[in-house]
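Enquirer: Got a predicted structure here, sequence first:
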Amino acid sequence: MLAPLPSHRAVRLALVAALVLGTALRAIPVLAAPLPLGDGGLFLAMIDDLRASGLTLAASTSYNGLDIPFLYPPAALMLAAGLGQLLGAATTDLLRFIPLIASVACLAAFMVLARRLLAPAAAAGAALAYAVMPHAFDWVIAGGGLTRGLGLLAALGAMAIAVHPAPSIRRGGLIGALLGASALAHPQAVVLGAIGATVLAVPGPRLRQAWITQTMVAAGVTVLVTATWLVPATLALGQLPLGVASHRLDPFNGLVRLAALEFSGAAFMDLVTPLAVVGLVVGLLVGPRRLALLLVLVYASGPGGGDFLGAVPWALLAGIGVGGVVHVVDRHGAPFGALLGTATAALLFAAFSTLGSSIHEGSKLQAISVDQAAAMRWVADAMPADTPFVVATIDTWGNDEVSEWFPAIAGRPSIGTVQGSEWLGREAFERREDVHLALVGCIGATAHCYRDVAKAVGEPEAAIFVPKGRLAGPFSALDCCPALRSTLEGAGYQIVYDGPGATIAQRGG
């Protein structure tokens, strides 16, 4: 076993530091932005639908005018809608603060898991790694993190109970209840919880029968809890909800991303990645080898291996790496003061790098601007309700926040918005994705290119929404589409709005 830190007091100090630092790093970007970070437009529409219907699940959601069946696991959405009704809070505020609270709670649950699974020094290192790793929380504190965060929290709770050294029927029931809650919140998070609760909790021969009983009870309770939504939804909609979007599963892509070792998300001075790689090597050589298996299975089981899910095994491995470094330093008799000073400086650099991670093009720590949202609200107030729109975009659909938020705030259909179409089946999803890629291909082109895309999908009269401001971080261009903006009138459009957040043009006079 790896040597512990010089004292239990130092371990407790490291855990407290991880919780405080992690909370601050999660809160700063949320409090700095007046609107939800990253994605969340689809959930905004779904929550508003639930609030308008008195918390009754409808057959479909109003988002983007596509009649998207309400197949998404509803627990987190129902919770947000209920809190909104109870508190009279704006849905955008719910999408800012519930994910933040959930992310901090995930950090605390991860710390419990690490303490039960690893030696003290490794547990402290894992907690600090999870606290500062951007991808451990950026997808969780985004607006779309409402479901990710609550699903991940339940999954981590199930894993922490599963690794308890004394398996029992009661613990099996708790694990199953948490895994069921995770399934009712997010379809990927429950996969992490189920894999982790199985892989990390395999006991020695004397307790194997008790572990098998606990696992069977957990599986049964998970099915029962999940069935409270899955069975009525399947009967009402005539299709299995979780099977509709299964075409997005891509194990090969997930394993490629695993091999690329780009899991931290740090802007610079990435300390977690080398420590995690060291921990992976140490784990394979001296144990626990189960973490390597957990890592591979998590990346192979989701759409590309969600970064916020992969952060869990990577942070645990980084903790083993920290434990190995401390063991080596301890053997060479380094003074505790020097070790503490070095660790503090490293944490400060890591925290600075984490805050700087929002400069990445695809960072979920960025939000649409207040001016852009104001332009979308103008559309909701001034444009006919059935007006389709082309939203100019520069990025792939998963990172294109303007296109996702537009249908929710403007209340008008966007022909190139992909979000939600995965619940319409593979063919519909791929059609929407093709349209979005065609619009991305119009970057730098004139308005004629966008007009032709609209014609090709049968919407020749579609209006155009051209956002203003930086769309991909502080180093992106101030104007995404100068050629488009300057050729609108020449392509047969009339500018009806030209504000600080967008230029809006419609066809004809």
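Expert: Now that the structure is in, tell me what you want to look at.

Enquirer: And the pLDDT at C106?
Expert: Here, the pLDDT recorded for C106 equals 98.

Enquirer: Would you check that it makes contact with A155?
Expert: No: applying C-beta atoms under 8 Å as the test, C106 and A155 come out as separate, 9.1 Å apart. C-beta: built from backbone N, CA, C; applies to glycine.

Enquirer: in which helix or strand would I find the most centrally placed residue in the chain?
Expert: Centroid-nearest residue in the chain, with C-alpha atoms, centre = their mean: W139, separated by 3.0 Å. According to DSSP states H and E, W139 maps onto helix 138-141.

Enquirer: Flag every buried residue along that helix.
Expert: Neighbour-count burial for helix 138-141 flags 138-141 (criterion: 16 or more other C-beta atoms under 10 Å).

Enquirer: ok, of those, which one's closest to A127?
Expert: V140 (16.3 Å; C-beta to C-beta).

Enquirer: so what pLDDT did that closest one get?
Expert: For V140, pLDDT reads 95.

Enquirer: Then G337?
Expert: G337 is given a pLDDT of 65.

Enquirer: Also G180?
Expert: So G180 comes in at 97 (pLDDT).

Enquirer: ok, and the closest non-adjacent residue to it?
Expert: Using C-beta to C-beta, 6 or more residues apart in numbering and skipping residues adjacent in sequence, the residue nearest G180 is V225, 2.4 Å away.

Enquirer: Same question for S103.
Expert: S103 sits nearest to V140 (C-beta to C-beta, 6+ apart), 4.3 Å away.

Enquirer: who touches the one you found in this structure?
Expert: 99, 102-103, 106, 148-149, 152, 308 (C-beta atoms under 8 Å, 6 or more residues apart in numbering).

Enquirer: ok, of these, which come out buried?
Expert: 99, 102-103, 106, 148-149, 152, 308.

Enquirer: Please give the centre-to-centre distance between the helix or strand hosting T222 and its chain.
Expert: Using DSSP H and E, T222 sits in helix 208-237. Helix 208-237 sits 25 Å away from the centroid of its parent chain (C-alpha atoms, centre = their mean, to the nearest Å).

Enquirer: in that helix, what's buried?
Expert: For helix 208-237, by 16+ other C-beta under 10 Å, it's 210-211, 214-215, 217-219, 221-222, 225-226, 229-230, 233-234.

Enquirer: What of stretch 45-53?
Expert: Neighbour-count burial for stretch 45-53 [16+ other C-beta under 10 Å]: 45-51.

Enquirer: what sits up against that stretch?
Expert: 56-58, 61-64, 70, 72, 77-78, 80-81, 84-85, 91, 94-95, 407-408.

Enquirer: For that stretch, list the C-alpha coordinates in CSV.
Expert: In CSV, the C-alpha atoms belonging to stretch 45-53 read as follows (Å, rounded to 0.1, in the frame of the first residue of the first chain):
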residue,chain,number,x,y,z
ALA,A,45,-38.5,24.6,-23.4
MET,A,46,-39.2,21.3,-21.7
ILE,A,47,-39.4,22.8,-18.2
ASP,A,48,-41.6,25.7,-19.4
ASP,A,49,-43.9,23.1,-21.1
LEU,A,50,-44.1,21.2,-17.7
ARG,A,51,-44.8,24.5,-15.8
ALA,A,52,-47.5,25.5,-18.3
SER,A,53,-49.2,22.0,-18.1
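
Enquirer: Okay, the residue nearest to L21 when sequence neighbours are not counted and A447: tell me how far apart.
Expert: Take L21 and drop its neighbours on the chain: the residue closest to it by C-beta to C-beta, 6+ apart is A131, 5.2 Å away. Using C-beta to C-beta, to the nearest Å, A131 is found at 47 Å from A447.

Enquirer: show me the residues around the residue nearest to L21 that make contact.
Expert: 18-19, 21-22, 25, 107.

Enquirer: quick check, nearest of those residues to D381?
Expert: Among the contacts of A131, and counting by C-beta to C-beta, the member closest to D381 is L25, at 37.7 Å.

Enquirer: Assign a three-state SS to the closest one, would you?
Expert: helix (DSSP: H, G, I helix; E, B strand; the rest coil).

Enquirer: That one: neighbour count?
Expert: Neighbours of L25 under the rule other C-beta atoms under 10 Å: 24.

Enquirer: Please identify the helix or strand for the nearest residue to G40 once chain neighbours are set aside.
Expert: Once flanking residues are discounted, G40 sits nearest to G143: 2.1 Å by C-beta to C-beta, 6+ apart. Assigned by DSSP H and E, G143 belongs to no helix or strand.

Enquirer: Next, count neighbours for G143.
Expert: 28.

Enquirer: That one: what's it in contact with?
Expert: Counting by C-beta under 8 Å, 6+ apart, G143 has contacts 36-41, 43-44, 92, 95-96, 99.

Enquirer: Out of the residues you listed, name the ones that lie in helices.
Expert: Of the positions in the contacts of G143, 41, 43-44, 92, 95-96, 99 sit in helices, assigned by DSSP state H.

Enquirer: on that earlier part again, same list, the buried ones among the contacts of V140, but as TSV with secondary structure please.
Expert: Shown next, in TSV, are the buried ones among the contacts of V140 (three-state DSSP):
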residue	secondary structure
P99	helix
A102	helix
S103	helix
C106	helix
R148	helix
G149	helix
L152	helix
F308	helix
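
Enquirer: nearest to M383, of those residues?
Expert: P99 (30.7 Å).

Enquirer: Look up how far T503 lies from that closest one.
Expert: With C-beta to C-beta as the criterion, P99 and T503 are 32 Å apart.

Enquirer: Tell me where the stretch 301-450 of the chain has strands.
Expert: 389-391 (DSSP state E, counting those that start in this stretch).

Enquirer: Low-confidence ranges, it, go.
Expert: The stretch 301-450 of the chain contains residues with pLDDT under 70 at 302-306, 330, 332-340.

Enquirer: Show me where it has its helices.
Expert: 307-331, 336-355, 370-382, 401-410, 426-440, 447-456 (DSSP state H, counting those that start in this stretch).

Enquirer: For those helices, give me JSON lines that also has distance to G265.
Expert: Listed next are the helices of the stretch 301-450 of the chain as JSON lines, based on distance: least, C-beta to C-beta, whole Å:
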{"stretch": "helix 307-331", "distance to G265": "7"}
{"stretch": "helix 336-355", "distance to G265": "8"}
{"stretch": "helix 370-382", "distance to G265": "24"}
{"stretch": "helix 401-410", "distance to G265": "17"}
{"stretch": "helix 426-440", "distance to G265": "23"}
{"stretch": "helix 447-456", "distance to G265": "32"}
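
Enquirer: Buried deepest among those, which one?
Expert: Among those, helix 401-410 has the highest mean neighbour count (mean count of other C-beta atoms under 10 Å), at a mean of 27.

Enquirer: name the helices or strands packed onto that helix?
Expert: The helices and strands touching helix 401-410, judged by 3 or more C-beta pairs under 8 Å, 6 or more residues apart in numbering; DSSP states H and E, are helix 41-52, helix 370-382, strand 389-391, strand 463-467.

Enquirer: change it to 7 Å
Expert: Judged by 3 or more C-beta pairs under 7 Å, 6 or more residues apart in numbering; DSSP states H and E, helix 401-410 is in contact with helix 41-52, helix 370-382, strand 389-391.

Enquirer: okay, these in CSV with distance to V202 next?
Expert: Shown next, in CSV, are the helices and strands packed on helix 401-410 (distance: least, C-beta to C-beta, whole Å):
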stretch, distance to V202
helix 41-52, 37
helix 370-382, 50
strand 389-391, 49
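
Enquirer: Figure out which of those is closest to R431.
Expert: strand 389-391 (15.5 Å).

Enquirer: ok, and what's touching that closest one?
Expert: With C-beta atoms under 7 Å, 6 or more residues apart in numbering as the test, strand 389-391 has contacts from 402-403, 406, 412-417, 439, 450, 453-454, 462-465.
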